[in-house]
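Student: all I have is the shape, not the residue letters:
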């Protein structure tokens, strides 16, 4: 089977081990293994009611490598994750 190669521009967002340690020590994991979908389809049944405003961060796992793909801010994580 041919090796899957990430798109060329994606490599600049590769998360290094120091990046991952910093993320783990700075952010609280609220959802794992989420498959993002379009058109308002729910991504999970998790309840984010205890999480208010703040920053959220998405990592992409691509063939075993992690990439920093999104950082956002919200005043209602529950609404944002819906």
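Tutor: That came through fine. All values derive from a computational prediction rather than experimental measurement.

Student: residue 25: how many residues sit nearby?
Tutor: By other C-beta atoms under 10 Å, 7 other residues sit near residue 25. Any C-beta I mention is one placed from the backbone N, CA and C, and that applies to glycine too.

Student: ugh, typo on my part, it should be residue 73
Tutor: 9.

Student: mind telling me what element it is part of?
Tutor: Here residue 73, judged by DSSP states H and E, is contained in strand 65-74.

Student: buried residues in that strand, which are they?
Tutor: By 16 or more other C-beta atoms under 10 Å, the buried positions in strand 65-74 come out as 66-68.

Student: for the residue nearest to residue 73 when sequence neighbours are not counted, grab phi and psi.
Tutor: For residue 73, ignoring the flanking residues on the chain, the nearest one in space by C-beta to C-beta, 6 or more residues apart in numbering is residue 55 at 5.3 Å. In terms of degrees, to the nearest 10, the main-chain angles of residue 55 are phi -100, psi 150.

Student: tell me the contacts of residue 55?
Tutor: Contacts for residue 55 (C-beta atoms under 8 Å, 6 or more residues apart in numbering) come out as 27, 71-73.

Student: SS state for the residue nearest to the spatial centre of the chain?
Tutor: Closest residue to the average C-alpha location of the chain: residue 58 at 1.6 Å, with C-alpha atoms, centre = their mean. When classified by DSSP: H, G, I helix; E, B strand; the rest coil, residue 58 comes out as strand.
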